[in-house]
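1. Give me a model of this one.
(chains A and B)
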Amino acid sequence: MIITRFAPSPTGHLHIGGARTALFSYLYAKHCKGKFFLRMEDTDQERSKPEFAESIIQDLKWLGIVWDNDVIPYQSQRLTIYQKYLDELKENNFAYEKEGAYFLKGHEALEDFIIFKSSGMPTFHFAVVIDDHEMGVNTIIRGVDHLTNTDKHRHLYKCLGLPIPEYYHIPLIVDENSKPLSKRRNDSNMDYYRENHFFPEAVFNYFARLGWGYQNQEIFSKEELIELFDVKKTSKNPARFDPRKLSWVNIQYLKIASPDKIKIYGYQNINMLIKLSEKENTKKLLLNELQQKAISLQELNDMCRPFIDNKELDTTLFNEYGEFISAIIPDVIELVKNIASWSIDEINTDVHKFMDEKSLGMKEMAMPLRVILTGQKKSLDLNSILFYLGKDEVIDRLNRAKEFV
RNA sequence: GGCCCCAUCGUCUAACGGUUAGGACGUUGCCCUCUCAAGGCAGAAAUACGGGUUCGAUUCCCGUUGGGGCCGCCA
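-> Predicted coordinates for the structure are as follows:
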């Protein structure tokens, strides 16, 4: 059985590169019907912080990466285990002490290297090998920055007489200048995407496609990725992180997101509209239409506002249309009153008839009305605005606009 | 510098050794049109270079160039 793992060191938040390594390891394990484990490598006592471990755990959960081990091993708590293996190496004359630290003897192509620090902590090289063995990890997916460490790790396995795992080194993620993504960039950490309300499925999807592809497909569910992903088919060259494409993927998920999926983000206007839509089917259609135009939950929230609330309409844009309001609005009110059946088609027909009579073009008609009715310039098409607002509400808002001038 | 890894449109990627080298993001133009970081359509855009192997190379081999990584009592 394939067993992979993700072993971050809790010295910072979960980085994009780490997230993708975790994702690949998870996906590959599940693809092979194997297991995926999580472990914390906190042998650097100076820089490791419990809050970072917690943050990494939260980000992984958010992404939808689930590990199969019930307890997450922390290397700092496993000293006696490492000690045992160190004793074995000492007994077999593979390791020796120097200035309070322990070194492993290398070979022709490998210099002696330190495995136990004088502080009493194992080094990364030692702990990683012991832990992977103890946890049964047989497939290691990690960044190419570990490539040259592999010689040391293999040698360690040999000295210990343990089976050597399969290694896959995945390329780094780089920025627009092909340089490694700086950890200082705010968008290079996972918590940025969580806090900015990206859909985790979208981020998951985007990272899976960064270094891997399947035919002409762009959008994959987690299940599809598990089915299709194979680490052996991943690209070998560095992948450039493209926030614009991530955004595009996120928009694709926004378009199809169910009310339940959106609700949890707690946006006031959206949630109000969802609440209304539970009783009223047209509101459901409205929400869906708005989702097709919005590019983020924040924007969707703005776009929902005119449709749930008629007391606090934003009137700041009204000034631009003062002339229109005093000249046309009274007639528009009559027009709306006379629309017999409140359907998109009927609204469309009557509005056009009206414009013909008044010799008005859509350009002169639609934007002023849109602003008067919604307070916004970006919204649905005019017919839909009228339709979803409802006859009474439209008339009400037109009357109020009249008073505004 | 030493050791190692990599190389398809600007970017992410497809292509059992035989394809008009495909898709997506971005970009350009057009359409829709009343708004748009929405939608539709169309276009420009790539096999780094040089040698082999082969009837045939994006694909296999070698070299060059270019990019990257590692060379910590960090992980």
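
2. What is the distance between stretch A:151-158 and the centre of its chain?
-> Relative to its chain's centre, stretch A:151-158 lies at 36 Å (C-alpha atoms, centre = their mean, to the nearest Å).

3. The stretch 201-350 of chain A: strands as residue ranges?
-> A:239-240 (DSSP state E, counting those that start in this stretch).

4. which ones are touching the residue in it positioned nearest to RNA strand B?
-> Nearest residue of the stretch 201-350 of chain A to RNA strand B: residue A:213, at 2.0 Å (C-beta to the nearest atom of the strand). The way it works is simple: take the backbone N, C-alpha and C, and place the C-beta from them, glycine included. Neighbour list for residue A:213: residue A:235 [criterion: C-beta atoms under 8 Å, 6 or more residues apart in numbering].

5. Same check on residue A:120?
-> residue A:79.

6. how near is it to residue A:259?
-> Distance, residue A:120 to residue A:259, by C-beta to C-beta, to the nearest Å: 55 Å.

7. Could you do residue A:239 as well?
-> Here residue A:239 is placed at a distance of 34 Å from residue A:259 (C-beta to C-beta).

8. Any idea which residue is closest to the centre of chain A?
-> Geometric centre of chain A, nearest residue: residue A:203, 3.1 Å, by C-alpha atoms, centre = their mean.

9. What about the closest residue to that one other than its chain neighbours, how many residues nearby?
-> Sequence neighbours aside, residue A:193 is the residue nearest to residue A:203 in space, at 5.2 Å (criterion: C-beta to C-beta, 6 or more residues apart in numbering). Residues lying near residue A:193 (other C-beta atoms under 10 Å) number 22.

10. What residues does the stretch 201-350 of chain A have near RNA strand B?
-> A:209-213, A:215-216, A:218, A:233-240, A:242, A:244-245, A:247-248, A:251, A:292-293, A:295 (C-beta under 7 Å from any atom of the strand).

11. Kindly supply the ChimeraX command isolating those of those residues that are buried.
-> Of these, the buried ones can be selected in ChimeraX as follows, counting by 16 or more other C-beta atoms under 10 Å:
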select /A:209,210,211,212,234,238,239,251
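
12. Which element, helix or strand, includes the spatially most distant residue from the centre of chain A?
-> What lies farthest from the middle of chain A is residue A:357; by C-alpha atoms, centre = their mean that is 51.8 Å. Using DSSP states H and E, residue A:357 falls within helix A:344-358.

13. Give the other helices and strands that that helix contacts.
-> If you count contacts as 3 or more C-beta pairs under 8 Å, 6 or more residues apart in numbering; DSSP states H and E, helix A:344-358 packs onto helix A:322-337, helix A:362-374, helix A:382-389.

14. can you pull the buried residues of that helix?
-> Under 16+ other C-beta under 10 Å, the buried positions of helix A:344-358 are A:347-348, A:350-351, A:354-355.

15. Isn't residue A:24 up against residue A:173?
-> No. Between residue A:24 and residue A:173 no contact is recorded; they are 11.6 Å apart, counting by C-beta atoms under 8 Å.

16. OK, contacts around residue A:78?
-> A:127, A:130-131.

17. can you list the domain ranges for chain A.
-> If you go by automatic domain parsing, the domain ranges for chain A are A:1-72+A:171-256, A:79-116, A:258-308, A:318-402.

18. would you list these in CSV and tack on mean pLDDT?
-> Listed next are the domains of chain A as CSV, based on pLDDT from 0 to 100:
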stretch, mean pLDDT
domain A:1-72+A:171-256, 93
domain A:79-116, 93
domain A:258-308, 93
domain A:318-402, 89
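
19. Among those, which comes closest to residue A:143?
-> Shortest distance between residue A:143 and the domains of chain A, using C-beta to C-beta, is found for domain A:1-72+A:171-256: 5.9 Å.

20. contacts for stretch A:387-395?
-> A:282-283, A:285-286, A:289, A:306-307, A:310, A:333, A:336-337, A:339, A:342-344, A:347, A:373, A:380, A:386, A:397.

21. at 6 Å instead, please
-> A:286, A:333, A:336, A:342, A:344, A:347, A:386 (C-beta atoms under 6 Å, 6 or more residues apart in numbering).
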